[in-house]
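any chance you can model this:
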Amino acid sequence: MLSKKASCDSHGQNSSYFLGWEEYEKNPYDQVKNPTGIIQMGLAENQLSLDLLESWVASNPDAAGLKTNGKSIFRKLALFQDYHGLPAFKKVLVETMAEMRGNLVKLEADNLVLTAGATSANETLMFCLADPGEAFLIPTPYYPGFDRDLKWRTGAEIVPIQCTSLNGFEITADALEEAYERAQKLNLKVKGVLFTNPSNPLGTTLTVAELDHIINFVAKKHIHIISDEVYAGTVFVSSSFVSITEALMKRNLENTELWNRVHIVYSLSKDLGLPGFRIGMIYSNNPKVVSAATKMSSFGLISSQTQYLLSQMLLDKKFTRTYMSENKKRLLKRKEMLISELKRSGIACLEGNAGLFCWVDMRHLLRDNTFEAEKALWEKVVRVVGLNISPGVSCHCTEPGWFRMCFANMCEETLRVAMHRIKVRLVDVHRTRTARVKPAWLSPKWVKLLASFIESWLKLQ
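Numbering: from 1, shown residues only. Take a look at the predicted model:
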């Protein structure tokens, strides 16, 4: 017999986001071994610049070989390390975070907590900030994994901040208040607002106005902010990204009560393309949060070998600056390719400026404006077209017909195959079927009635 926690279904694995992964894993596409398989477009992974990382490792054998000036430090790294992490690694991490934010913010290594990926960081913050049954407000659409990451083990709840396509899914003051009121009606105590910036799945950065709405709202309600900024380094034009720290500093809110209720989640999984290394972190100005999160981090530590290797890489400022610049160029080029190919098939995307995905508008391909129709279209895309994409309902989107498509986890040729499948197996088929359906007013019955009406009208003239 298992515990209630182990046997409950609150882990969110029954979401279409995860079900699509299951279908993919049964029949994964391979250009040579399985060319008819399902292409994975549901994985926000950056493979476009791995060659740059591989080149650096090859050119720096000491780092990869756990050496310093040719001398092995294997014994030092292999023995016990406490959960605070290697000081040199934490120092270079905050320097890297500051540089990605245009050095407009000053970050302290003592405020950083290392975790095994951003998933662990977000869950740890939930444990620190919310008791079971208390809630965080999150703008929709949001990353489907949050339903698992934030709720399953912590017992916390999520109340959506409903955003719509009418204004490009931007967060408004009214939407924040409506979500808060909805939480109160559900007898849920709201502990904070969590958002991703840049947004997953929208691929957009939050505007200064949106950040101000959030700051004003949490200041009035005396609650927390969690800003998940794991895609900060994927912004194609760096000046378009404003970190929550920068937004606070622009309003001279440093060292205020609010300043201590703002927490940032970051990782190297997206920006550096190293999800397998499990490098995540929490940055907080609140000493109590840092202390509690550091203790909790003992359940998900980063290996000393990984910390050492990446500290050496990030210390190479010439390499990291070259990497970030080239990586953004490659991401933008690939995104433009996806947008162009979809446009040729008559499919549009939300205009974005960041991320490893596009928020794709396929509402015109629905049989009707319902989530049942969205589910039917998604099942067809997965099983007939052969693509795993994430439906809007899995992201809690309020409007059926939106889908997230990832573009950086495959080679260019695979993306072309995916776009060809969409055109031939989905769009062209839809157009053909639509053309075959004659309007009701062209049926023989209506033609006869129309002819009779015209004839009667002419007699009256």
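
ranges for the strands of the stretch 351-461 of the chain?
Assigned by DSSP state E, counting those that start in this stretch, the stretch 351-461 of the chain shows strands spanning 357-361, 387-388, 390-391, 402-406.

just checking, what packs against the last one?
Counting contacts by 3 or more C-beta pairs under 8 Å, 6 or more residues apart in numbering; DSSP states H and E, strand 402-406 is packed against strand 357-361, strand 390-391. Every residue, glycine included, has its C-beta placed from N, CA and C.

among these, which is nearest residue 403?
Ranking the helices and strands packed on strand 402-406 by proximity to residue 403 (C-beta to C-beta) places strand 357-361 first, at 4.8 Å.

elements contacting whatever helix or strand residue 328 lives in?
Counting by DSSP states H and E, the element that carries residue 328 is helix 317-344. Packing partners of helix 317-344 (3+ C-beta pairs under 8 Å, 6+ apart): helix 50-59, helix 87-100, helix 304-315, strand 348-349, strand 357-361, helix 412-421.

residues near the nearest residue to residue 371 once chain neighbours are set aside, how many?
Residue nearest to residue 371 in three dimensions, not counting chain neighbours: residue 400, with 4.7 Å by C-beta to C-beta, 6 or more residues apart in numbering. Using other C-beta atoms under 10 Å, residue 400 is surrounded by 20 other residues.

try residue 14
11.

next, it: secondary structure please.
Assigned with DSSP: H, G, I helix; E, B strand; the rest coil, residue 14 falls in the coil class.

what do you get for the one 10 residues further on?
Using three-state DSSP, the secondary structure recorded for residue 24 is helix.

buried residues in the helix holding residue 328, which are they?
319-320, 323-324, 327-328, 331-332, 334-335, 338-339, 341-342 (16 or more other C-beta atoms under 10 Å).

next one: stretch 14-24
Neighbour count says stretch 14-24 has 15, 16, 17, 18, 19, 20, 21, 23, 24 buried, by 16+ other C-beta under 10 Å.

dump those to TSV, plus distance to residue 309.
Output for the buried residues of stretch 14-24, formatted as TSV (distance: C-beta to C-beta, whole Å):
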residue	distance to residue 309
15	34
16	37
17	32
18	31
19	36
20	33
21	29
23	35
24	31
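
possible to save the helices and strands packed on helix 317-344 as a markdown table with mean neighbour count?
Supplementary listing: the helices and strands packed on helix 317-344 in a markdown table, determined by neighbours: other C-beta atoms under 10 Å:
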| stretch | mean neighbour count |
| --- | --- |
| helix 50-59 | 13 |
| helix 87-100 | 19 |
| helix 304-315 | 20 |
| strand 348-349 | 16 |
| strand 357-361 | 25 |
| helix 412-421 | 16 |
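
where do the helices sit along the stretch 1-150 of the chain?
4-7, 16-26, 50-59, 61-64, 74-78, 87-100, 118-129, 146-149 (DSSP state H, counting those that start in this stretch).

check the offset of the helix holding residue 328 from the chain's centre.
17 Å (C-alpha atoms, centre = their mean, to the nearest Å).

then stretch 53-67?
30 Å.

got any ranges where this structure has weak pLDDT?
80, 238, 435-461 (pLDDT under 70).

go again with 50.
For the chain, the stretches flagged by pLDDT under 50 are 441-442.

so what's the backbone phi/psi at the residue nearest to the spatial centre of it?
Geometric centre of the chain, nearest residue: residue 200, 2.8 Å, by C-alpha atoms, centre = their mean. Dihedral pair for residue 200: phi -110, psi 110, per degrees, to the nearest 10.

for it, give me its contacts.
44, 142, 143, 230, 231, 355, 357 (C-beta atoms under 8 Å, 6 or more residues apart in numbering).

so which of those residues are in strands?
Among the contacts of residue 200, the members found in strands (DSSP state E) are residue 357.

pick the one among the contacts of residue 200 closest to residue 172.
residue 142 (15.9 Å).

OK, contacts around residue 88?
residue 311.

who's in contact with residue 197?
Applying C-beta under 8 Å, 6+ apart, the residues near residue 197 are 205, 206, 211, 227, 228, 229, 232, 241, 243, 244.

identify the residue spatially nearest to the third one, adjacent ones excluded.
In this structure, residue 211 finds its nearest non-sequential neighbour in residue 247, 4.2 Å apart by C-beta to C-beta, 6+ apart.

where does that neighbour fall, secondary structure wise?
helix 244-250.

could you say what helices and strands the helix or strand following that helix packs with?
With elements assigned by DSSP H and E, the helix or strand that comes after helix 244-250 is strand 262-267. Where contact means 3+ C-beta pairs under 8 Å, 6+ apart, strand 262-267 is packed against helix 118-129, strand 224-228, helix 244-250, strand 280-284.

as TSV, the ones you listed with mean neighbour count and distance to residue 315 would be great.
Written out in TSV, the entries for the helices and strands packed on strand 262-267 read as follows (neighbours: other C-beta atoms under 10 Å; distance: least, C-beta to C-beta, whole Å):
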stretch	mean neighbour count	distance to residue 315
helix 118-129	24	22
strand 224-228	25	26
helix 244-250	19	23
strand 280-284	26	17
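
now these as a markdown table including distance to residue 155?
Shown next, in a markdown table, are the helices and strands packed on strand 262-267 (distance: least, C-beta to C-beta, whole Å):
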| stretch | distance to residue 155 |
| --- | --- |
| helix 118-129 | 9 |
| strand 224-228 | 17 |
| helix 244-250 | 26 |
| strand 280-284 | 20 |
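
quick check: of the contacts of residue 197, which lies closest to residue 124?
residue 228 (12.7 Å).

ok, now which ones touch that closest one?
118, 122, 194, 195, 196, 197, 264, 265 are the contacts of residue 228 under C-beta under 8 Å, 6+ apart.

got the helices and strands packed on helix 317-344 as a markdown table, with distance to residue 31 columns?
A markdown table is the format used below for the helices and strands packed on helix 317-344 (distance: least, C-beta to C-beta, whole Å):
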| stretch | distance to residue 31 |
| --- | --- |
| helix 50-59 | 17 |
| helix 87-100 | 34 |
| helix 304-315 | 31 |
| strand 348-349 | 25 |
| strand 357-361 | 22 |
| helix 412-421 | 7 |
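
for those, which one sits closest to residue 30?
Among the helices and strands packed on helix 317-344, helix 412-421 sits nearest to residue 30 (C-beta to C-beta), with 9.5 Å.

tell me which other helices or strands the closest one touches.
Using 3+ C-beta pairs under 8 Å, 6+ apart: helix 412-421 touches strand 39-40, helix 317-344.

out of those, which is closest to residue 236?
Nearest of the helices and strands packed on helix 412-421 (C-beta to C-beta): helix 317-344, 4.5 Å.

what is the orientation angle of that closest one with strand 402-406?
140 degrees (axes from the mean of the first three to the mean of the last three C-alpha atoms, to 10 degrees).

give me the angle between helix 317-344 and helix 412-421.
Using the same axes, to 10 degrees: helix 317-344 against helix 412-421 is 20 degrees.
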